[in-house]
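[1] Have a look at this fold, sequence not included:
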C-alpha cells in the first residue's frame, strides 16, 4: 500500500515535469513540486523500512 502511494506521487511529479518541459503547461509550482517529491521520498523510505522490519521479524 505504501509503495502504491509512493508510485502515485512519483507519477504525478513526472507528469508535471513532462508537461512543463514539453507543453509548457505545468500544473504545479516549484514549491508544490518540492512537496510532492518530498512526500514521495518519505513514503518510499517508510515502505522500505517496514519491509525490512517485516523481513527481520521473520528471521
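    Alright, I've got the coordinates. Small disclaimer: the values here were computed from a predicted structure and weren't measured.

[2] and the helix ranked longest in the chain, which residues are buried?
    Longest helix in the chain, counting residues (DSSP state H): helix 30-58. Neighbour-count burial for helix 30-58, counted by 16 or more other CB atoms under 10 Å, picks out 33, 36-37, 39-40, 43-44, 47. C-beta: built from backbone N, CA, C; applies to glycine.

[3] Mind giving me the packing neighbours of it?
    Secondary structure elements in contact with helix 30-58, counted by 3 or more CB pairs under 8 Å, 6 or more residues apart in numbering; DSSP states H and E, are helix 2-18.

[4] coming back round to it: what's the angle from the longest helix of the chain to helix 2-18?
    Relative orientation of helix 30-58 with respect to helix 2-18: 160 degrees, computed using axes from the mean of the first three to the mean of the last three CA atoms, to 10 degrees.

[5] Distance from the chain centre to helix 30-58, please.
    For helix 30-58, the distance from its own C-alpha centre to the chain's C-alpha centre is 8 Å (CA atoms, centre = their mean, to the nearest Å).

[6] ok, back up a step: let me have the buried residues of helix 30-58 in TSV, extended by pLDDT.
    TSV is the format used below for those (pLDDT from 0 to 100):
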residue	pLDDT
33	95
36	97
37	96
39	97
40	97
43	97
44	98
47	97
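
[7] hmm, which two among those are most spread apart?
    Within these, 33 and 47 form the most distant pair, 21.3 Å apart (CB to CB).

[8] Which residue is the nearest non-sequential neighbour of residue 44?
    Of all residues beyond its chain neighbours, the one nearest residue 44 is residue 6 (4.3 Å), with distances taken as CB to CB, 6 or more residues apart in numbering.
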